[in-house]
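[1] Return a 3D structure for these sequence lines:
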Amino acid sequence: MTEKPTLLIVDDEKPTRDGLRAALEERYDVYVAEDAKAAGELLERENFDVLLTDFRLPSEDGMKLIARAKSLARPPICILMTAYGSEELAVEAMKRGADDYIAKGRLQIDELEMRIARALRRQNLETENVSLRRQLDTRFGLENIVGKSPVMEEIFEIIQQVAPSRATVLLTGESGTGKELVARAIHQLSPRARQPLVIVHGAALVPTLLESELFGHEKGAFTGAYERRIGRFEQAQGGTLFLDEIGEIDAAIQVKLLRFLGERTFERVGSNKTLTTDVRLITATNKNLEEQVKAGTFREDLFFRLRVVEIHLPPLRERAGDIPLLAQRFLREFAQENGKAVNEFTADALERLMKYAWPGNVRELRAAIEHAVVLCRGEKIAARDLPPSVRGGSGEHSSEAPLFARNDLTVKEAEKQLIIRALKETNGNRTLAAGKVGMSRRTFHRKLHTYHLEGF
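    Reported below is the predicted structural model:
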């Protein structure tokens with residue numbers, strides 16, 4: 001049997017509350033409240049599909065209640081009722097987040113039911129459209145992570161395996177390797193994809209503010225806490241919380257995280273009320289947590305709780321074969337963004353990209369390609385268009401011999417030259433050559449066939 005939509009009716013007049021409940025309870029799971037305070041408590045405890053509230057309420061008017069409801073992680077459809085109907089009030093109600101407005105003097109139950117049903121259909125349609133867009137992703141949530149190297153193919157497989165589970169995931173690797181993209185992919189491929197993905201950067205806030213950011217606080221909990229704040233864990237209800245730079249958090253927050261992972265409970269700062277939430281936690285760090293555990297700055301029990309599944313993202317210099325693919329991807333993106341007809345690199349530019357060590361990893365490569373597109377004066381990215389550090393080969397990790405013979409190669413032709421060079425350097429050993437260019441043996445053999453190099 002299909003579950004009924006939940007409806008919260010807020011009106012300080014008991015006959016109105018009871019009359020609406022009697023008229024609507026056949027189609028809806030109806031709750032009632034006599035004022036904004038009682039309604040607010042219900043909104044915190046339950047997820048409602050529809051809020052139907054009077055404008056005139058004791059202590060707080062209906063529009064303020066609607067504003068509070070719309071700030072929830074899962075906001076309900078909000079309909080304002082009033083006996084003091086006016087066009088100005090209707091416009092103000094819509095500005096404050098109301099989905100509809102009804103004058104009580106002309107209220108007909110049939111019309112009310114029609115409006116609620118219409119709003120629910122519209123909401124369901126929007127949800128379905130979001131779901132369809134996700135289903136159309138060409139790589140099922142992995143479309144923003146570029147790579148064909150063996151290590152990246154293995155990471156893609158792990159992501160697809162871990163995503164449907166409830167397991168806590170720890171992402172490790174240098175800054176700029178794409179940890180946030182992996183977190184987004186795990187969320188998007190999970191059963192939680194329709195629910196929020198909330199992202200928090202642990203190093204961006206001082207410990208006291210981070211605790212409030214994560215767990216929320218009560219009014220008056222500390223200086224400047226002028227009203228209650230809903231924390232990120234509550235905002236992520238039913239979804240995923242991605243906590244980046246987990247190695248930066250202090251001992252007090254580590255204790256709270258450990259308790260959450262064990263019991264799924266927490267308290268807001270300044271409150272003794274225990275709250276429960278269903279949130280999947282994904283964390284990331286560019287530090288060595290095992291060394292921090294040994295140094296006593298990170299709790300060992302929390303470390304093991306976080307590292308149920310660990311995914312290590314390699315630095316770009318360890319998957320150099322992916323650089324042409326990434327560069328081409330960023331080139332298309334920034335050429336379109338800047339309205340430039342630039343669609344390829346000169347061989348010299350590709351050589352500089354391949355030789356550079358990329359200490360900032362994929363993030364640095366992306367910035368370098370944007371720089372090059374903006375400064376490009378022709379139809380191809382030339383070496384002169386690249387940032388000076390890349391042009392100069394700072395941090396080079398290959399020999400000084402030229403990679404490419406000509407200066408007008410496409411990415412595919414450059415890839416062929418790269419394979420030929422690898423075969424020469426390994427005396428024709430295909431296994432070693434495949435590893436040298438960052439390809440699996442199967443992919444390498446396919447490329448040999450594509451470029452007619454089988455007899456090399």
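
[2] For the chain, which segments count as strands?
    With DSSP state E as the criterion, the chain has strands at 6-10, 29-33, 50-54, 77-82, 100-103, 169-172, 197-201, 240-244, 265-266, 275-276, 280-285, 309-312, 344-345, 380-381.

[3] send the alpha carbons of the fifth one over as CSV?
    The C-alpha coordinates for strand 100-103 follow below in CSV (Å, rounded to 0.1, in the frame of the first residue of the first chain):
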residue,chain,number,x,y,z
ASP,A,100,0.7,28.9,-2.6
TYR,A,101,-1.7,31.2,-0.8
ILE,A,102,-5.4,30.8,0.1
ALA,A,103,-7.9,33.2,1.5
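
[4] packing partners for it?
    strand 77-82, helix 87-95, helix 109-135 (3 or more C-beta pairs under 8 Å, 6 or more residues apart in numbering; DSSP states H and E). Just so you know, the C-beta spots here come from the backbone N, C-alpha and C atoms, and that holds for glycine as well.

[5] Comparing the strands of the chain, which yields the minimum mean pLDDT?
    Of all these, strand 100-103 carries the lowest average pLDDT, namely a mean of 84.

[6] ok, that one: who's next to it in the sheet?
    Strand pairing for strand 100-103, using DSSP bridges, gives strand 77-82 (parallel).

[7] quick one: the partner strand to chain centroid distance?
    Relative to the mean C-alpha coordinate of its chain, strand 77-82 is positioned 32 Å out (C-alpha atoms, centre = their mean, to the nearest Å).

[8] what angle separates that strand from strand 50-54?
    Going by axes from the mean of the first three to the mean of the last three C-alpha atoms, to 10 degrees, strand 77-82 is angled at 10 degrees with respect to strand 50-54.

[9] confidence score at residue 221?
    For residue 221, pLDDT reads 82.

[10] wait, I meant residue 175
    Value listed for residue 175 in the pLDDT field: 93.

[11] shouldn't it be in contact with residue 361?
    Yes - shown here, residue 175 and residue 361 form a contact pair, counting by C-beta atoms under 8 Å, at 6.9 Å.

[12] Those two: who's more crowded?
    residue 361 (21 against 13; other C-beta atoms under 10 Å).

[13] and the more buried one, what does it touch?
    174, 175, 176, 177, 178, 315, 316 (C-beta atoms under 8 Å, 6 or more residues apart in numbering).

[14] okay, it: pLDDT?
    95.

[15] and if you look at residue 128?
    Model confidence at residue 128 (pLDDT) stands at 61.

[16] How about the one 10 residues further on?
    At residue 138, the predicted lDDT confidence score is 39.

[17] Run a quick neighbour tally on residue 16.
    16.

[18] roughly how far apart are the closest residue to residue 256 other than its chain neighbours and residue 346?
    Among residues not flanking residue 256 along the chain, residue 266 sits closest, at 6.1 Å (C-beta to C-beta, 6 or more residues apart in numbering). Here residue 266 is placed at a distance of 55 Å from residue 346 (C-beta to C-beta, to the nearest Å).

[19] what pairs with the closest residue to residue 232 other than its chain neighbours across the strands?
    Nearest residue to residue 232, sequence neighbours excluded (C-beta to C-beta, 6+ apart): residue 198, at 4.9 Å. As for beta bridges, residue 198 partners with residue 241 under DSSP bridges.
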